[in-house]
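Starting from these lines, generate the structure:
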Amino acid sequence: YRFKFVSCAPAASLALLSRLAKDSGDDAGQFHAQVKAHSQSVPREFGLFCRSLKLDASDSSDVAQAFDLLCRSDSFQFADTNETLNELHMWARWYVDGAPRAVIAALAELADISLRKTLTADAIWRHLQTIGLEPRQRPRDERIIPAVDQLRRRFAESLRHHLAAGELIPRPETQTILEKLKGGDTILVVHGPAGYGKSGVLFELARALDERQVPYLPFRFDSEPPEVTPRQYGEKCGLPESPSWCLSQIAGAQQGILILDQLDALRWTSGHAHQPMLACQEMIREAQRIGNVRVVVACRTFDLNNDPQIRTWKQANENEKKLDAIEVGDLPEGSVRQIVDSRAGEGAYDRMRPRERDLLRCVFNLTQWVELFGSPEAPTRFNTPSDLMRCFWENRRREVAQRGVDPDEVESLLNSLVDYMDGHGQVT
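Numbering: from 1, shown residues only. Sure, this is the predicted structure:
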């Protein structure tokens, strides 16, 4: 047998004695000499270790027995934190059909009454079953694939109308993501300024995964924010289980990709409540633990670096080298030129001023320019994103008026909507 001492307090003396024993090879005499050559505290701790096992530290045969035990022993410091407790709850939900607190309490009770006894998996399950806690059955559920297909369609439809000029513009960032997904196990965070096409990159990624027949499961947190456990969130979205577990089931021996778009939208749910972000973190932790699921997350750069919850999550994963950031930049100039010239005529892009060309390399600005082109509000010159936005709203107000809607009613509706969002601290 091998032994591991688990405690929330550091077991420095045991760790030192164990290391000395392992560094001595198979020579108990050399180990004992090293112990005696150390400062007084080490021989004293070795003496305490021997006495606790009813061994004599001065007897060579007892020393050999203590040496053998130390060679087969390790210590592990258990972090007694909220994060560790959340992880325990996750594993309890994963394996046992019952309340996580009840599962953990039952296991703690079993440990207390089983000191100096060997616990087998069978004995643990028998103990849990005596109090009504059964293993979670995980047969292949026929509901998974139809539900996943529906979530993929919903994801694609929600993004299609955001594409610049209604076209999918190939992005180098998508290829970077695909390369990084080939190896490693880090979380990939796709970030960039608002309106630069992060969701479009994920749309292109989903298409590429489809073409490569790689299993994936996408979510948009602006329309479906998580507020509860991963299992409950999965059920809310039409899945029979948590998203990670369902994706793991359909992936099998392959690697599945969990896509989480609009992480920054969690800032604006339920008056900036903490629960949606905590629920999202639990989803990601569960995916990391499963083994055959990778996670791709999209978030605005500003929120990634400034929102307290998101920033803390990012830094913790960066410190453990579990996170890889991929920044979404300007659109490729050749793609923008092609879109502009296809509408305004050959050479139209080159006739624009440098400032205008730079602005149109942002997806949001390009989309507005395309929407306005050919209308009375189309700008002949523009210097800022606000110039395009002002023309866009003038266009929309004119079109609403042409449909017989009173302009005053439009303004009243917009003001009411803004007041509601401002008062409730959420955008949806």
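
roughly how far is stretch 278-295 from the heart of the chain?
Here the centre of stretch 278-295 is set off from its chain's centre by 6 Å, with CA atoms, centre = their mean, to the nearest Å.

So which bits of it are buried?
278-288, 290, 292-295 (16 or more other CB atoms under 10 Å). Glycine gets a C-beta too; all of them are placed from N, C-alpha and C.

Poorly predicted segments of the stretch 151-300 of the chain, please.
Residue ranges of the stretch 151-300 of the chain with pLDDT under 70: 268-273.

now the helices for it?
172-180, 198-211, 230-236, 243-251, 275-290 (DSSP state H, counting those that start in this stretch).

ok, now which ones touch the closest residue to residue 163 other than its chain neighbours?
Nearest non-adjacent residue to residue 163, counting by CB to CB, 6 or more residues apart in numbering: residue 200, 6.1 Å away. Residue 200 sits next to 159, 162, 163, 164, 168, 169, 171, 363 when contact means CB atoms under 8 Å, 6 or more residues apart in numbering.

Please pick the buried ones from those.
159, 163, 164, 169, 171, 363.

In a markdown table, list these along with distance to residue 135.
Formatted as a markdown table, the buried ones among the contacts of residue 200 follow (distance: CB to CB, whole Å):
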| residue | distance to residue 135 |
| --- | --- |
| 159 | 39 |
| 163 | 46 |
| 164 | 50 |
| 169 | 49 |
| 171 | 45 |
| 363 | 48 |
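
sorry, back to before: in the buried residues of stretch 278-295, find the pair that's most separated.
Maximum pairwise distance among the buried residues of stretch 278-295 (CB to CB): 24.5 Å, between 278 and 292.

Distance from the chain centre to stretch 157-176, please.
For stretch 157-176 - counting by CA atoms, centre = their mean - the centre lies 22 Å from the chain centre.

I should have written stretch 94-103 there, sorry.
The chain centre lies 23 Å from the centre of stretch 94-103; the measure is CA atoms, centre = their mean.

now do stretch 312-329
That offset, for stretch 312-329, works out to 10 Å (CA atoms, centre = their mean).

Now do it: distance from first to last residue.
End-to-end distance of stretch 312-329 (CA to CA, to the nearest Å): 24 Å.

Let me see the residues that make contact with stretch 190-198.
For stretch 190-198, using CB under 8 Å, 6+ apart, the contacting residues are 164, 169, 171, 173, 177, 201-202, 261, 296-302, 304, 325-331, 362-365, 385.

Need the buried ones from these selected in PyMOL.
The PyMOL command for the buried members of these (criterion: 16+ other CB under 10 Å) is given here:
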select buried, resi 164+169+171+173+177+201+202+261+296+297+298+299+300+301+304+325+326+328+331+362+363+364+365
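
So which of the contacts of stretch 190-198 sit within strands?
261, 296, 297, 298, 299, 300, 325, 326, 327 (DSSP state E).

List the beta-bridge partners for the fifth one.
When bridges are assigned using DSSP bridges, the partners listed for residue 299 are residue 191.

residues in contact with it?
189, 190, 191, 198, 262, 263, 264, 310.

same thing with the second one?
Taking CB under 8 Å, 6+ apart, we find residue 296 in contact with 177, 181, 187, 188, 190, 202, 205, 257, 258, 259, 260.
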